[in-house]
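S.K.: Attaching a predicted model along with its sequence, questions to come.
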Amino acid sequence: MSGKISAQIPEMANFAYIPGLNGLRALSVLIVIIAHMGFEHIVPGGFGVTVFFFISGFLITRLLLAESDAKGRLGLGKFYMRRIVRLYPALLFMLYVTACVYIILGYGQPALMELAAGVGYFTNIYQVIARTAGELPFMPWTHLWSLAVEEHFYLIFPLLVVFCRLNWSKLARALCGIIVAALLWRTYIALGTNLPVHDYNYMMTDARIDSLAWGCLLSVALHMSGSAERFKHLIGFIPTGLAFIGLVLSFIIRDEMFRYTLRFTVQGAAIFILILNLYYWRALDFAFKILEWKPLAWIGSVSYALYLWHVPILNLFARSFGDSLTVSVAAILLSFGLAAFSFYYVEQPFIALRRKYGSHAGKITITSDISGEMKVNTQDDHSGVRYEDGSSVMTRTLK
């Protein structure tokens, strides 16, 4: 039984504002933060990572498809420059300030390779090698592994889009191949090697690439179809219910083989169905009143900086004042303040430079909501946050 279709976004990719996106970002980062506050046994912090990988793949692919159709080509150089200008200011600010604070307080200083991994987007590789050698990173930058996964993916994926341009079915098949290959590769790592499966299959790009590919696939499938009606068998109460059940099972099944192989595939497929229904099943139109709630949307807008800062501040407070709930709450409040400062005074000054390289950040679009009311929105053309659950304030691991 299919549900009534009510499109919240056009199926064909464009540069317009995507309603609810900041709300989804906010919910994802809050899941990770709550887990890092010591509630990882209750809150599935790792799910925040998978959700945001999906959202990132969905958004970036949509923008690449829109650019390809509008201009007849992709400006790869400008794409990579947009990524650099979007991500590096806030990242370098966090790395510099936290390193200085740790040195001033006498807690120690980052190893050269640890700093290079943060700046060079290979924290995931650095961590797997270090942990295999029986070492733990010193600085609270372990959460940067997820940024590394994304940036590795976006080094390659635009080239695949260029190769498949005007033949989006070929791109869809390639993404399906990536999804299947990633599952098979994780299984091989778990059964056929002596690699540390808990760390490798959780953090390494080649093992997690499908979490982004699922989001890319949804954008490509919608763009190819031109109409959500072609997905009516995936829209409605039964598909949504099955996807929800799949997610619940992925949380409660504790078998190690499942958790580090099939779990990410199940979650990717479930999120595919749920996001499709969020934007095209009329029964879920009410969700946008929640996702567009101003406080939640604001958290989503600063979520990249909030993600960057919350782990170092939790770690700093735990070292200085002890590991308690009160201390963690105070640390998160300060993290919000630092995230706001970073967003308004570190990231925003670079918007003009981002526009120079083709960004649509801050550009005004006019849309109408489901009631027909006209709304003025601004568009940010990058995913804006990187989520993880690799380790909490005292290098505790959330899996």
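M.R.: Yep, it's here. These numbers were taken from a predicted model, which means no experiment stands behind them. Numbering: from 1, shown residues only.

S.K.: surely residue 176 meets residue 217?
M.R.: Yes: with contacts counted by Cβ atoms under 8 Å, residue 176 reaches residue 217, the gap being 6.8 Å. Bear in mind the C-beta positions are built from the backbone N, C-alpha and C, glycine included.

S.K.: Now the element after the helix or strand harbouring residue 208, going C-ward?
M.R.: Taking DSSP states H and E as the criterion, residue 208 maps to helix 205-225. The C-terminal neighbour of helix 205-225 among helices and strands, as given by DSSP H and E, is helix 237-252.

S.K.: Which strands or helices does that following helix pack on?
M.R.: helix 263-280 (3 or more Cβ pairs under 8 Å, 6 or more residues apart in numbering; DSSP states H and E).

S.K.: And the helix it packs on, what does it pack against?
M.R.: helix 45-71, helix 168-192, helix 205-225, helix 237-252.

S.K.: out of the ones you listed, nearest to residue 331?
M.R.: Using Cβ to Cβ as the measure, helix 45-71 is the one of the helices and strands packed on helix 263-280 that comes nearest residue 331, at 16.1 Å.

S.K.: List the buried residues for that closest one?
M.R.: 45-68 (16 or more other Cβ atoms under 10 Å).

S.K.: Same check on stretch 209-225?
M.R.: 209-223.

S.K.: just stretch 99-112 next, same as before
M.R.: Applying 16+ other Cβ under 10 Å to stretch 99-112 flags 99, 102, 110 as buried.

S.K.: okay, these in CSV with secondary structure, distance to residue 251 and pLDDT next?
M.R.: As requested, the buried residues of stretch 99-112 are exported to CSV (DSSP: H, G, I helix; E, B strand; the rest coil; distance: Cβ to Cβ, whole Å; pLDDT from 0 to 100):
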residue, secondary structure, distance to residue 251, pLDDT
99, helix, 36, 96
102, helix, 35, 95
110, coil, 34, 93
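
S.K.: how about the strands in the stretch 251-399 of the chain?
M.R.: Ranges of strands in the stretch 251-399 of the chain, per DSSP state E, counting those that start in this stretch, are 363-368, 374-379.

S.K.: per-residue confidence averaged over the first one?
M.R.: Put plainly, it is strand 363-368. Regarding strand 363-368, the rounded mean pLDDT is 41.

S.K.: and residue 154, which of the helices and strands packed on helix 263-280 is closest to it?
M.R.: It's helix 45-71; of the helices and strands packed on helix 263-280, that one is closest to residue 154 (Cβ to Cβ) at 6.8 Å.

S.K.: The closest one - what's its average pLDDT?
M.R.: Average pLDDT, helix 45-71: 93.

S.K.: same question, stretch 252-262
M.R.: pLDDT averaged over stretch 252-262 gives 95.

S.K.: buried stuff in it?
M.R.: Result for stretch 252-262 [16+ other Cβ under 10 Å]: buried residues 259-262.

S.K.: Turn those residues into a markdown table, columns for distance to residue 228.
M.R.: What follows is these, written out as a markdown table (distance: Cβ to Cβ, whole Å):
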| residue | distance to residue 228 |
| --- | --- |
| 259 | 33 |
| 260 | 34 |
| 261 | 32 |
| 262 | 28 |
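
S.K.: so of those residues, which ones are in helices?
M.R.: residue 259 (DSSP state H).

S.K.: Mind picking the one among the buried residues of stretch 252-262 that's closest to residue 350?
M.R.: Scanning the buried residues of stretch 252-262 for proximity to residue 350, where the rule is Cβ to Cβ, the winner is residue 260, at 37.9 Å.
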